[in-house]
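Chemist: Have a look at this prediction, sequence included:
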Amino acid sequence: MKKMSPKLFLLFNHQLTREQILDAKKNLSIEEFIYIPNDLQKIWSNFDPAIESFKEELDIFVKFLNKNAKKDDFILVQGDFGAVYSIVDFCFKNGFVPIYATTKRISKERNLGFKTEKISLFEHIAYRKYEQLFNKAKM
């Protein structure tokens, strides 16, 4: 019986580039890319920085992943640091593989007289798995 290829669930604020898609297919054996529904995407892209906790919002993503993802599926998690931490922790505890995209930044500056224009281009390099540190830090 043929093992099913893992899916890639996308919890981040952008559309995948052509290079990211090709890399996921080649190096992660991804055949299916799952963007979260638009209502969830609006939440993921706009966590209120003024509130103390957004646990209720994170529970929505946990329910979505529990319903749709299976063990060993990849979850691309990038965004608000607190949300990323919580979802990555959830992934580790539930058999999902949390990853993020690494990039190379290419910056160019142009002098416009009294102003300087800076343009940053980001080039996809690879996907990297989040790692857990198992040894306890000494205080």
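Modeler: On my side now, so go ahead.
Chemist: Alpha carbons of stretch 86-98, in PDB - could you do that?
Modeler: Output of stretch 86-98 as PDB, limited to C-alpha atoms (Å, rounded to 0.1, in the frame of the first residue of the first chain):
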ATOM      1  CA  SER A  86       1.700  28.500  20.600                       C
ATOM      2  CA  ILE A  87       1.000  26.700  17.300                       C
ATOM      3  CA  VAL A  88       4.500  25.200  17.000                       C
ATOM      4  CA  ASP A  89       4.100  23.900  20.600                       C
ATOM      5  CA  PHE A  90       0.700  22.400  19.600                       C
ATOM      6  CA  CYS A  91       2.300  20.800  16.500                       C
ATOM      7  CA  PHE A  92       5.000  19.100  18.500                       C
ATOM      8  CA  LYS A  93       2.500  17.700  21.000                       C
ATOM      9  CA  ASN A  94       0.200  16.400  18.200                       C
ATOM     10  CA  GLY A  95       2.500  14.800  15.700                       C
ATOM     11  CA  PHE A  96       2.500  17.600  13.100                       C
ATOM     12  CA  VAL A  97       5.800  18.900  11.600                       C
ATOM     13  CA  PRO A  98       6.100  22.700  12.100                       C
END
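Chemist: can you tell me the average pLDDT over that stretch?
Modeler: Confidence over stretch 86-98, taken as the mean pLDDT, stands at 97.
Chemist: for it, which positions count as buried?
Modeler: Judged by neighbour count using 16 or more other Cβ atoms under 10 Å, the buried positions of stretch 86-98 are 86, 87, 88, 90, 91, 96, 97, 98. The C-beta positions use only the backbone N, C-alpha and C, and glycine is treated the same way.
Chemist: Just the ones of these in helices?
Modeler: 86, 87, 88, 90, 91 (DSSP state H).
Chemist: Out of those, the closest to residue 13 would be?
Modeler: Closest approach between these and residue 13, by Cβ to Cβ: residue 87, at 13.6 Å.
Chemist: got the contact list for the nearest residue to that closest one once chain neighbours are set aside?
Modeler: Nearest-residue entry for residue 87: residue 77, 5.1 Å, with adjacent residues in sequence omitted and distances by Cβ to Cβ, 6 or more residues apart in numbering. Residue 77 is in contact with 11, 12, 84, 87, 88, 91, 98, 99, 100, 130, counting by Cβ atoms under 8 Å, 6 or more residues apart in numbering.
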